[in-house]
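Peer 1: Return atomic coordinates for the entry below.
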Amino acid sequence: MTYLLPSLMLLGLMLGIFSGYPVAFLLAGLSVIFMWLGDVPLLAFSLIVSRVFGAVLENWILAAIPLFIFMGIMLEKSKIADNLLLELEVLFGGKPGGLGLAVVLIGIVMAASTGIVGASIVLMGTLALPLMLNQGYDKSLAIGTVLGSGTLGILIPPSIMLVVFGDIMQVPIGSLFAATLIPGLMLGAMYALYVVFTAIFKPQKVPPNPRQTDGNRAAALLRVLQNLVVPALLMASVLISIVVGLATPTEGAAIGALGATILAAAKRQLSWGMLKDSVRVTTLMTAMILILAVCATAFSLIFKRIGGQSMIESAVGLVGSDPYMVVLIIMLLVFLLGFFLEWIEISFLVLPLFAPVVAGLDFGDAFDNSGQVLIWFAVLVAVNLQTSFLTPPFGYALFYLKGIVPPGVTTADIYRGVTPIVVMQLVGVVLVFLFPAIALWLPGKF
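Peer 2: The predicted structure is shown next:
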């Protein structure tokens, strides 16, 4: 009976989630109910208020979130990806699988530019998917390629998710940016190899574009490089300044936001209507993240006050003394939650509860310090959370794509297409789990 209240609090959370009740309000409501049931002094509410203001609303690190969102929206509206896709189609279109490779490359560029999965999926689904299907690509492969490359934005820096991770876990955001770069590119390489192997063994599934000839590829390559130079310099300046410590995440994000606005103006895409729409979307997305942060802060405090943290530590003790088994079980939990929740909700629920537990595990000589353990754990969770966009029934990327697919593409086609992508992402989780150097090598160079 010692852990009856925290168990009921978690059960109430699960039932509320499955009922479809908004998670932010659910967290706040459960906090009030169990504060009363647990006989937690009313003074605890003053602690919640101080934590909300001190840890969320006055947190200068979180100021980077709206700036990164605004930067991504401005770059997306600058139509960089539109031009690149047209040029890459010319460059690769005459080879089997060439258009698929172009889509993967665009996905990586969009991931580093916007970091906003919804924008990437809609753009790729609108521009690339009809081209691939009209060219005779296999439905499942075309859909999977678009979904996989479109969700890389949650992982490849600068990512909003990593800013949230850094704040929750108190880990340097520059280190997280460096740590997720190689795993993100590794997943992109897996998607590219998926297209290449299909082109080698089943070329009929990825036919070339017969209209493309070799004569215009040199000019197309030059145009690709021209279109990439300015955004690449912008993203490099933001990432390098943050990773090496020349600028804080907020300062780097401000530089990126200003640079993206200038780039949009240079491409003659900037208008008052576009600016107003970008600010509106930025405000809505930022408000959604902050309200979840505020309500999760209340939930976490009350949960710990009624014995929740002790319950979790006891449950971890039942697993045994193997720290890797503990991390593996947490990864399984994160993967299962991804079927029903967004990454924001999972982050604010899982990380405050399990990060302290993982930091206290004894991994022997595998890591130099607890900071490395947390970075490795954060990368594992980040790669795992990419699947939350793709796993039915509530994978948001699936809904984004379903709303814009050409006629003839069914929900079953989307599920079949996403299956190999989810498998590749799980392989990515396993590789980072078995070989922590994939995540830790680059941060160790700075």
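Peer 1: Report the contact partners of the residue nearest to residue 188 when sequence neighbours are not counted.
Peer 2: Nearest residue to residue 188, sequence neighbours excluded (Cβ to Cβ, 6 or more residues apart in numbering): residue 108, at 4.8 Å. In this view, the C-beta of every residue, glycine as well, is placed from N, C-alpha and C. Residues near residue 108 by Cβ atoms under 8 Å, 6 or more residues apart in numbering: 149, 152, 156, 185, 188.
Peer 1: I'd like the residues you listed written out as a markdown table, with secondary structure and distance to residue 239 added.
Peer 2: Listed next are those as a markdown table, based on DSSP: H, G, I helix; E, B strand; the rest coil; distance: Cβ to Cβ, whole Å:
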| residue | secondary structure | distance to residue 239 |
| --- | --- | --- |
| 149 | helix | 19 |
| 152 | helix | 15 |
| 156 | coil | 10 |
| 185 | helix | 13 |
| 188 | helix | 16 |
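Peer 1: what's the farthest-apart pair in the residues you listed?
Peer 2: Across the contacts of residue 108, no pair lies farther apart than 149 and 185, at 11.9 Å, counting by Cβ to Cβ.
Peer 1: Which one of these two is surrounded by more residues?
Peer 2: Relative neighbour count places residue 149 above the other of residue 149 and residue 185, with 28 against 16, counting by other Cβ atoms under 10 Å.
Peer 1: Leaving out sequence neighbours, find the closest residue to that one.
Peer 2: Counting by Cβ to Cβ, 6+ apart, residue 149 lies nearest to residue 107, which is 2.4 Å off, once chain neighbours are set aside.
Peer 1: Ok, residue 138 next?
Peer 2: That would be residue 205: by Cβ to Cβ, 6+ apart, it lies 3.8 Å from residue 138.
Peer 1: Hmm, residue 144 and the one you found touching each other?
Peer 2: No - contact criterion Cβ atoms under 8 Å: residue 205 and residue 144 do not qualify, at 11.4 Å.
Peer 1: joint contacts of these two?
Peer 2: Common neighbours of residue 205 and residue 144 are not found (criterion: Cβ under 8 Å, 6+ apart).
Peer 1: For the protein, give me the ranges with low pLDDT.
Peer 2: 1-2, 20, 42-61, 80-94, 112-119, 210-228, 230, 316-321, 393-394, 446 (pLDDT under 70).
Peer 1: Going along the chain, name the strands of it.
Peer 2: For the chain, applying DSSP state E gives no strands.
Peer 1: just checking, what packs against the top helix by length along the chain?
Peer 2: Ranked by residue count under DSSP state H, the longest helix found in the chain is helix 272-305. Packing partners of helix 272-305 (3 or more Cβ pairs under 8 Å, 6 or more residues apart in numbering; DSSP states H and E): helix 4-19, helix 23-37, helix 44-51, helix 64-77, helix 160-169, helix 343-359.
Peer 1: looking at those, which is buried most?
Peer 2: helix 64-77 (a mean of 26; mean count of other Cβ atoms under 10 Å).
Peer 1: Figure out how far that one is from the centre of its chain.
Peer 2: Between the centre of helix 64-77 and the centre of its chain there are 15 Å (Cα atoms, centre = their mean, to the nearest Å).
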